[in-house]
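> just need the structure, nothing else, for what follows:
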Amino acid sequence: MEHIYLDHAATTPVNKQVIDVMYPIYERVFGNPSSVHSFGRKARSLLDEARRVMANSIHANEKEIVFTSGGTEADNLALIGSAFANKEKGKHIITTVQEHHATLHTAEFLEKSGFNVTYLPVYENGSISIDDLRNALTDETILVSIMAVNNETGVVQPIREAGKLLKDHQANFHTDAVQAFGLMQLNVKELGIDLLTVSSHKINGPKGIGFLYVAEGVKLNPLQYGGEQERKRRAGTENIVSAVGFQKAVELVEEEREKRTNLYKQYKSHFLNVLENKHIDFKVNGNYDGTIPAIVNISFKGMNVETLLTNFDLEGIAASSGSACTAGSVEPSHVLTEMYGADNPRTTNSIRFSFGAANTTENVEEAANRIAKIIKRLASY
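Numbers count the residues shown, from 1 in each chain. Coordinates of the predicted model:
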């Protein structure tokens, strides 16, 4: 039985070309990039080149890129670093109820640290409202954090409109672009973004590395203390091997964005068509037309998340009930709860399917057929 991976929003398989560029670095480049000798200079040149590629991918300056251990650290650095660096201007922060826990739990920490946080609601279409953001802004607001694409529903959020609204406001604008990067064109200057989060392992790169874009002039306190790496914003010897792998992954998604976008759109459409043709009773959560091609979140009437995921796994299908960071939890999705209400069955009968490099038209169709068979079997009990 072929095992079929439909959970690319959780993590992605590392591209073979990424592995190929990383392996020689393990063998040949071991110098500390802070060292002035030839070994250090070689490591530094590789790090600088990777940083240039990251910057170019979002139309930024290389000095504005801070390498981190991943998306979570980047979100933490953006929120905590920005909040504490600008607290003399005010202590009001705005985010949304549907953010990834890397942002939500950080916002909760900031509340305990004396900051006031407003959580914007999300509606049944899976999106926030710009009017809500406009009404929440005050003269004390110093930071607004809105994800570019929701990781559970795949719904694109109005970050361009938010950037325009905040253009003449003192608040820094942060967006978690982990699910958007590689599938959406992101120009931080045009979008009015001050802080932006990206993670390598979501784009077929290595785990354990990401970056935070910090616009020139944005004040940011570090989270950790030590050396003066990353322009004093993130201490610690840099991860050269992963930076080189991350660079290659970024280069590949930049080259293949249109191809991948069209391919994943076809996968998603074909997947849903098979379910419809098999007469499966389901509904897509959020506005389907407002999602990225790689993600669809489906409510199966009369079903239960735990039962579905267990049966899918037994049939060789990997999917998710939402954020991978809450895997193993039986609690309803916080995103779907905010969209539909705590008592709505969608919060406990919905599955996220996400498409990517591990898929083909054939295995997507096979997965849909197996899922249809499982749903019919469970419905007959």
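> got any ranges where the stretch 251-381 of the chain has weak pLDDT?
322-330, 381 (pLDDT under 70).
> these two touch, right, Val244 and Tyr23?
No - with contacts counted by CB atoms under 8 Å, Val244 stays clear of Tyr23, the gap being 10.0 Å. Where C-beta positions appear, they are placed from N, C-alpha and C, glycine not excepted.
> ok, these two, which is more surrounded?
Val244 (26 against 12; other CB atoms under 10 Å).
> does the more buried one sit in a helix or strand, and which one?
helix 240-277 (DSSP states H and E).
> starting at the chain centroid, how far to that helix?
Relative to its chain's centre, helix 240-277 lies at 14 Å (CA atoms, centre = their mean, to the nearest Å).
> buried residues in that helix?
The neighbour-count check on helix 240-277 (16 or more other CB atoms under 10 Å) flags 240-253, 260-261, 263-265, 267-268, 271-272, 274-275 as buried.
> and it, what does it pack onto?
helix 16-28, helix 38-57, strand 295-300, helix 361-379 (3 or more CB pairs under 8 Å, 6 or more residues apart in numbering; DSSP states H and E).
> between it and helix 16-28, how many degrees?
Using axes from the mean of the first three to the mean of the last three CA atoms, to 10 degrees, the direction of helix 240-277 lies 160 degrees away from that of helix 16-28.
> who does the helix or strand that helix 240-277 is followed by pair up with?
As assigned by DSSP H and E, the chain's next helix or strand after helix 240-277 is strand 282-284. Using DSSP bridges, the strands paired with strand 282-284 in its sheet are strand 295-300 (antiparallel).
> residues in contact with whichever strand or helix holds Glu306?
For Glu306, the element it lies in under DSSP H and E is helix 305-314. Here helix 305-314 makes contact (CB atoms under 8 Å, 6 or more residues apart in numbering) with 300, 318-321, 330, 348-351, 370-371, 374, 378.
> any chance of TSV for the residues you listed, columns distance to Ser45 and neighbour count?
What follows is those, written out as TSV (distance: CB to CB, whole Å; neighbours: other CB atoms under 10 Å):
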residue	distance to Ser45	neighbour count
Phe300	52	23
Ala318	39	18
Ala319	42	21
Ser320	39	23
Ser321	44	26
Val330	50	10
Thr348	52	18
Asn349	53	22
Ser350	48	28
Ile351	46	23
Arg370	49	18
Ile371	49	28
Ile374	52	21
Leu378	57	15
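> which pair of those spans the longest distance?
Farthest-apart pair in these is Val330 and Arg370; separation 23.7 Å (CB to CB).
> quick one: the spatially most central residue of the chain from Ile58, how far?
The residue lying closest to the centre of the chain (CA atoms, centre = their mean) is Val178, at 2.5 Å. Plainly put, Val178 is 13 Å away from Ile58 if you go by CB to CB, to the nearest Å.
> check Ser380 too.
50 Å.
> with Val29 instead?
Applying CB to CB to Val29 and Ile58 gives a distance of 26 Å.
> without its sequence neighbours, what residue ends up closest to Gly71?
The shortest distance from Gly71 to any non-neighbouring residue, by CB to CB, 6 or more residues apart in numbering, is to Ser199 (3.6 Å).
> picking up where we left off before, between Ser380 and Ile58, who's got more neighbours?
Set Ser380 next to Ile58 and count neighbours by other CB under 10 Å: Ile58 wins out with 22 against 6.
> Tyr267 touches Val364, doesn't it?
Yes - shown here, Tyr267 and Val364 form a contact pair, counting by CB under 8 Å, at 4.7 Å.
> can you tell me the SS state at the residue lying closest to Phe67 once chain neighbours are set aside?
Leaving aside its chain neighbours, Phe67 sits nearest to Phe211 (5.4 Å; criterion: CB to CB, 6+ apart). State at Phe211, reduced to three classes by DSSP: H, G, I helix; E, B strand; the rest coil: strand.
> could you give the bridge partners of Phe211?
Phe67, Val198.
> how near is it to Arg260?
Phe211 is 20 Å from Arg260, by CB to CB.
> what does Asp168 give?
36 Å.
> same question for Ala78.
For Ala78, the distance to Arg260 - CB to CB - is 27 Å.
> what's the answer for Asp20, then?
20 Å.
> again, but for His169
Distance, His169 to Arg260, by CB to CB: 35 Å.
> repeat that for Arg377.
From Arg377 over to Arg260 (counting by CB to CB), the distance is 34 Å.
> please apply the same query to Leu252.
Separation of Leu252 from Arg260 (CB to CB) stands at 9 Å.
> with Asn363 instead?
For Asn363, the distance to Arg260 - CB to CB - is 16 Å.
> ok, Asn273 next?
From Asn273 to Arg260 the distance is 20 Å (CB to CB).
> go on, Pro345?
From Pro345 to Arg260 the distance is 34 Å (CB to CB).
> quick one: Phe173 is in a strand?
Yes - assessed by three-state DSSP, Phe173 belongs to a strand.
> just checking, it touches Tyr213?
No - Phe173 is beyond contact range of Tyr213, at 11.3 Å (criterion: CB under 8 Å).
> who touches both of these two?
Common neighbours of Phe173 and Tyr213 (CB under 8 Å, 6+ apart) are 193, 195.
> coming back round to it: which residues do Tyr267 and Val364 both contact?
Phe355.
> what sits against Lys87?
Contacts of Lys87 by CB under 8 Å, 6+ apart are 115, 142.
> err, Leu120, not the other one
94-97, 128-129, 132-133, 136, 146.
> out of these, which are buried?
By 16+ other CB under 10 Å, the contacts of Leu120 give 94-96, 128, 133, 146 as buried.
> just the ones of those in helices?
Counted as lying in helices by DSSP state H, out of these, are Leu133.
> tell me how far stretch 26-40 lies from the chain's centre.
The chain centre lies 32 Å from the centre of stretch 26-40; the measure is CA atoms, centre = their mean.
> can you list the buried residues in that stretch?
Buried, per 16+ other CB under 10 Å, within stretch 26-40: 29, 31-33.
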